[in-house]
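[1] here's a sequence, model it:
(chains A, B, C and D)
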Number of protein chains: 2
Amino acid sequence: MSVQRIAKLAGVSVATVSRVLNDLPSVKAQNKEKVLAAIAALNYQPNLLARQLRTARTGMLLVMVSNIANPFCAAVVKGVEKEAEKNGYRILLCNTESDFARSRSCLQLLSGKMVDGVITMDAVSELPELQKIIGAFPWVQCAEYDPESSVFSVSIDDTAAAEFVIDKLVESGKKRIALINHDLAYQYSQHREQGYLNRLAHHGLSYRTIVYADTLSYLSGKKAALSLLKNAERPDAIFAISDVLAAGAVNAVTESGFSIPQDIALIGFDGVDISQITVPPLTTIQQPNEDIGRKAVSLLLSQIESDNALDVVHYLLPWQFIQRQSS
Amino acid sequence: MSVQRIAKLAGVSVATVSRVLNDLPSVKAQNKEKVLAAIAALNYQPNLLARQLRTARTGMLLVMVSNIANPFCAAVVKGVEKEAEKNGYRILLCNTESDFARSRSCLQLLSGKMVDGVITMDAVSELPELQKIIGAFPWVQCAEYDPESSVFSVSIDDTAAAEFVIDKLVESGKKRIALINHDLAYQYSQHREQGYLNRLAHHGLSYRTIVYADTLSYLSGKKAALSLLKNAERPDAIFAISDVLAAGAVNAVTESGFSIPQDIALIGFDGVDISQITVPPLTTIQQPNEDIGRKAVSLLLSQIESDNALDVVHYLLPWQFIQRQSS
DNA sequence: CTGAAAGCGCTTACAG
DNA sequence: CTGAAAGCGCTTACAG
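    Sure, this is the predicted structure:
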């Protein structure tokens, strides 16, 4: 099935068929009808490989996600999709599971010209490796930001948000504040930890206990919290750098017989749905999830549609503290 | 950048370059080296569009997910990815949000020859429409099954699982069992509701209250449960057809001052992580999430790699009842 | 073991 | 308004 067959059936040239396919105005109504009839009769579908090879334009954006099961990632992707759709682009999602071999394989879609650009959410520490593969292709990094990096990025000021959380906890009288963090390969993990440390120092608090969750999952959050509860000196507050970890921690704290927030206050990060239905609901930092995705797409499209290289920009979007009953 | 340039630089023909690229054995070692050197020197990356156009084979599978934020879907996708990777296929994820226009757009990748086959998780009621677009392309439907359908499928026996849940609830002395269901456009919703109704009738229970959640989200689950609690005759047990809905219900029941399971027992479905960290943890039906995904891929590959049309098969995988403290 | 040539299915100047 | 022809970047018989 090809334009050839349509052309033959409609009694016109392939050029005319192509014009109809692309809705160019210069086709006589009569011919257009004949072509349309032939297309319908044969249920013809254009071969995208051929079209995109010819036009060197795909209208597709690659989004590499380290874990689609992470609700924060899912929320960002939602924003990405909306903005892409608005601009006539399609989104291809690749789940990398933070696996470099997989990322490399995904990125062949970029170097192989099957997509016009890529949005990543990887750890900053991976960026140099990715850079080698991505080269000069249009690229925006989401929710992870390094001021020194030459990669466009959209994120929030994680340090400031974490500092705000600690201040709130201290304000409410808490003195032994523990941190459940994740992988320090991520810049955001470093920044949130930095915010935590900054304000402990500022308030002259000596208690300073950090535990690192293996993965960004409920169960890892639970496990991390349990290990915290076993400490000789128990915390009276826990700041978890993601709502998912915090939700796991709620389980650990409650099932261990402590009450939230009286015995142990709990604050999460991200502002995803789960934070609203833990018992009690979680105080958290609301990230502008969808806006991060939207902004990433618009940055990416500006790169794609510009002929010359643009100056790197790093967007920091506003965040919001949401007070609920867990603190 | 193309094989032409590599050929010129290496001093061989494009045919030889292509042979090196595809690792064919018939290339003299010396020439191979020259080509490899040229590839490295120019950082050449083959154009996948051209290659796939020529070979009519992409090594890519499309997976259409109605909602990537749904942990059950994410778990199935994980299985899909593993099996695909094992067989040298790449996965492209499309998030349809159950939107038909989006699905149609995604499926252009199939008809446009950019992927070799598709795995869907859509409502059975959508299948006839999808069928029109997908036609005879390799296709497997996941976690949603209609014995009459001519589409290959992998799922579980939802009716039997739901019946088992109701029996367990009755066994524990519950008499007013409510159901939180989702969209009846899904076959699994119908089957689970059928199982619920079957066993109420069997046990001669007249209480029969069903509420439909707007979406498969925590908040919808909470909302649905709250409406149940407002009923003149309150339920003493709630069966939610997904753990996500059940987790939302846990919040509603607890915050309304009832204890679980004494006042109201709660059972979910799916067996995703969240079921382990609600307070109390959820009794649920464990689906063979990853296996569903794996099996779907192997069915799909058998279609792709077979020359003639295969007879339709509908796989039903085993499920498991997991007793926890919510019932 | 290698190269010249054809062709995958499109789009796009170009000439009319 | 239309068609013949070139070409996007590959791979693959075919002949040597």
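
[2] hey, let's count contacts and neighbours off CA atoms from now on
    Will do.

[3] stretch A:21-39 close to chain B?
    No - Stretch A:21-39 lies out of reach of chain B by CA under 8 Å from any CA of the partner chain, never closer than 13.5 Å.

[4] start and end of that stretch, how far apart?
    In stretch A:21-39, first residue to last residue: 9 Å (CA to CA, to the nearest Å).

[5] check the offset of that stretch from the chain's centre.
    42 Å (CA atoms, centre = their mean, to the nearest Å).

[6] is any residue of that stretch near DNA strand D?
    Yes - legend: contact between stretch A:21-39 and DNA strand D by CA under 7 Å from any atom of the strand is shown at A:25-28, A:30-31.

[7] spatially, which two of these are the most separated?
    Pairwise distances across these (CA to CA) peak at 12.7 Å, for the pair A:25 and A:30.

[8] so where do the helices sit in chain A?
    A:3-10, A:14-21, A:29-42, A:48-55, A:71-86, A:100-111, A:127-134, A:158-171, A:187-202, A:218-229, A:243-255, A:274-277, A:289-304 (DSSP state H).

[9] most tightly surrounded among these?
    With neighbours defined as mean count of other CA atoms under 10 Å in any protein chain shown, the helices of chain A peak in mean count at helix A:243-255, which reaches a mean of 26.

[10] how close does residue A:300 get to residue A:62?
    From residue A:300 over to residue A:62 (counting by CA to CA), the distance is 11 Å.

[11] which residues are common contacts for those two?
    A:117-119 (CA atoms under 8 Å, 6 or more residues apart in numbering or on different chains).

[12] among these, which one sits closest to residue A:126?
    Nearest to residue A:126 out of the shared contacts of residue A:300 and residue A:62 is residue A:119 (CA to CA; 13.9 Å).

[13] I'd say the closest one and residue A:142 touch.
    Yes - counting by CA atoms under 8 Å, residue A:142 is a contact partner of residue A:119 at 6.9 Å.

[14] quick one, which of those two is more surrounded?
    residue A:142 (28 against 25; other CA atoms under 10 Å in any protein chain shown).

[15] distance check, residue A:218 against residue A:108.
    33 Å.

[16] actually, residue A:178.
    42 Å.

[17] what about the helix or strand of chain A with the lowest mean pLDDT, distance to the chain center?
    Using mean pLDDT, DSSP states H and E, helix A:127-134 stands out as the lowest-scoring helix or strand of chain A, at a mean of 89. Mean-position distance between helix A:127-134 and its chain equals 18 Å (CA atoms, centre = their mean).

[18] ditto for stretch A:271-281
    For stretch A:271-281, the distance to the chain centre is 20 Å (CA atoms, centre = their mean).

[19] residues in contact with it?
    So stretch A:271-281 is contacted by A:71-72, A:75, A:243-244, A:247, A:250, A:260, A:268, A:282-287, A:324-326, B:218-219, B:222, B:247-248, B:251, B:254-255, B:278-279 (CA under 8 Å, 6+ apart).

[20] try 7 Å
    The contact list for stretch A:271-281 (CA atoms under 7 Å, 6 or more residues apart in numbering or on different chains) reads A:71-72, A:243, A:247, A:282, A:284-287, A:324-326, B:218, B:248, B:251.

[21] C-alpha coordinates for it, CSV please?
    Extracted C-alpha coordinates of stretch A:271-281, given in CSV (Å, rounded to 0.1, in the frame of the first residue of the first chain):
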residue,chain,number,x,y,z
GLY,A,271,2.1,17.6,46.8
VAL,A,272,0.8,14.5,45.0
ASP,A,273,-2.6,12.9,45.6
ILE,A,274,-1.4,10.4,48.2
SER,A,275,-0.6,13.3,50.6
GLN,A,276,-4.3,14.0,50.9
ILE,A,277,-5.4,10.6,52.0
THR,A,278,-2.9,9.3,54.5
VAL,A,279,-4.2,9.4,58.0
PRO,A,280,-3.6,12.1,59.0
PRO,A,281,-3.1,13.9,55.7
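
[22] now do stretch A:252-261: distance to the chain's middle.
    With CA atoms, centre = their mean, you get 31 Å for stretch A:252-261.

[23] what of stretch A:314-325?
    With CA atoms, centre = their mean, you get 16 Å for stretch A:314-325.

[24] quick check, that stretch touching chain B?
    No - Stretch A:314-325 lies out of reach of chain B by CA under 7 Å from any CA of the partner chain, never closer than 11.7 Å.

[25] quick one: end-to-end length of that stretch, please.
    34 Å.

[26] equivalent analysis for stretch A:264-271, please.
    Stretch A:264-271 end-to-end distance (CA to CA) = 20 Å.

[27] please spell out which residues along that stretch are buried.
    A:264-271 (16 or more other CA atoms under 10 Å in any protein chain shown).

[28] what mean pLDDT would you report for that stretch?
    Average pLDDT, stretch A:264-271: 98.

[29] how far does that stretch sit from its chain's centre?
    20 Å.

[30] go on, stretch A:160-174?
    Per CA atoms, centre = their mean, the centroid offset for stretch A:160-174 relative to its chain is 26 Å.

[31] run through who's touching it.
    By CA under 7 Å, 6+ apart, stretch A:160-174 touches A:192, A:195-196, A:199, A:236-237.

[32] looking at the stretch 151-300 of chain A, which residue is nearest DNA strand D?
    residue A:300 (22.3 Å; CA to the nearest atom of the strand).

[33] any idea how far residue A:153 is from that residue?
    As judged by CA to CA, residue A:300 and residue A:153 stand 10 Å apart.

[34] who touches both of these two?
    Shared contacts of residue A:300 and residue A:153, counting by CA under 7 Å, 6+ apart, come down to residue A:140.

[35] and residue A:113, how many residues sit next to it?
    Counted with other CA under 10 Å, residues neighbouring residue A:113 total 23.

[36] over to residue A:278?
    Around residue A:278 there are 26 other residues, counting by other CA under 10 Å.

[37] same question for residue A:62.
    Applying other CA under 10 Å, I find that residue A:62 has 23 neighbouring residues.

[38] verify the stated contact: it with residue A:114.
    No - between residue A:62 and residue A:114 there is no contact under CA atoms under 7 Å: 9.1 Å.

[39] near chain B, which residues of the stretch 151-300 of chain A?
    Counting by CA under 7 Å from any CA, the stretch 151-300 of chain A sits next to chain B at A:218, A:248, A:251, A:273-274, A:277-279.

[40] which single one of those is nearest to DNA strand C?
    Looking across those and measuring by CA to the nearest atom of the strand, the closest to DNA strand C is residue A:273, at 42.8 Å.

[41] quick one, phi/psi of the closest one?
    With angles defined as degrees, to the nearest 10, residue A:273 sits at phi -50, psi -40.

[42] swap in residue A:176?
    Here residue A:176 shows phi and psi, under degrees, to the nearest 10, equal to phi -120, psi 90.

[43] and the residue in the stretch 101-250 of chain A that chain B sits nearest to, how far from residue B:30?
    Here the residue of the stretch 101-250 of chain A nearest chain B is residue A:112; by CA to the nearest CA that distance is 4.4 Å. Distance of residue A:112 to residue B:30, computed by CA to CA: 27 Å.

[44] need the max-distance pair from the residues of the stretch 151-300 of chain A next to chain B.
    Top of the distance list for those (CA to CA): A:251 and A:273, 16.4 Å.

[45] residue A:199: what's it in contact with?
    By CA under 7 Å, 6+ apart, the contact list for residue A:199 reads A:163, A:166-167.
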